[in-house]
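> 3D model of this:
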Amino acid sequence: MEIIIHPRNAALAEDFKKIALEKLESMNRFKVKIDRIELKVLHEGNPRLGKKSHKVILTSRGSGPLLRSESSDFNDLAAFDGAIKNFELQIRKVHEKSKDIERGSIRNKPAG
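Presented below is the predicted three-dimensional model:
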C-alpha cells in the first residue's frame with residue numbers, strides 16, 4: 001500500500017508523519033484491497049475557525065472500494081485521529097461484507 005501525504009498551507013512535524021504512517025499501515029490487517037491512500041492536511045487561515053482550523057482528508061484509491069473520510073479539529077493530530085477512526089469503520093464494514101458466509105437453503109441441509 002502506497003501512502004501519499006499532501007500538506008496544503010501546512011508545515012507538518014516529523015512525528016505527525018511517523019504516527020500517520022504507522023496508523024495507516026495498521027489498516028493492512030483487514031482483507032480489503034487498497035492500492036494507495038492519500039492524506040491531505042489543510043490549514044485554514046481564518047482566525048474565526050480557531051477550533052476547527054486544521055482539516056484532514058483521507059481517500060483510498062485503487063482497485064478496491066473508494067473510501068473517504070474527513071475531520072476538522074484544533075490541531076493536525078486530533079483531526080487525523082477523527083478521520084482515521086471513521087476510515088477504519090468504513091474498512092471494517094467492507095471487510096465484514098466480504099466474509100464468506102454460507103447461505104444454503106434448508107432443502108440442501110442433511111436431516112438430523
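
> hang on, residue 44 packs against residue 73?
No - here residue 44 does not reach residue 73: they are 11.5 Å apart, not a contact under Cβ atoms under 8 Å. For every residue, glycine as well, the C-beta is placed using N, CA and C.

> What's the mean pLDDT across the top helix by length along the chain?
Ranked by residue count and defined by DSSP state H, the top helix of the chain is helix 76-97. What helix 76-97 shows for mean pLDDT is 94.

> just stretch 22-38 next, same as before
91.

> now what about that stretch, what contacts it?
Applying Cβ atoms under 8 Å, 6 or more residues apart in numbering, the contact partners of stretch 22-38 are 1-4, 6, 39, 57-65, 67, 80, 84, 87-88, 91-92, 94-95, 98.

> and with 7 Å instead?
1-4, 6, 58-64, 84, 88, 91-92, 94-95, 98 (Cβ atoms under 7 Å, 6 or more residues apart in numbering).

> Tell me the buried residues in that stretch?
Neighbour counts over stretch 22-38 (16 or more other Cβ atoms under 10 Å) mark 24, 27, 30, 32, 34, 37 as buried.
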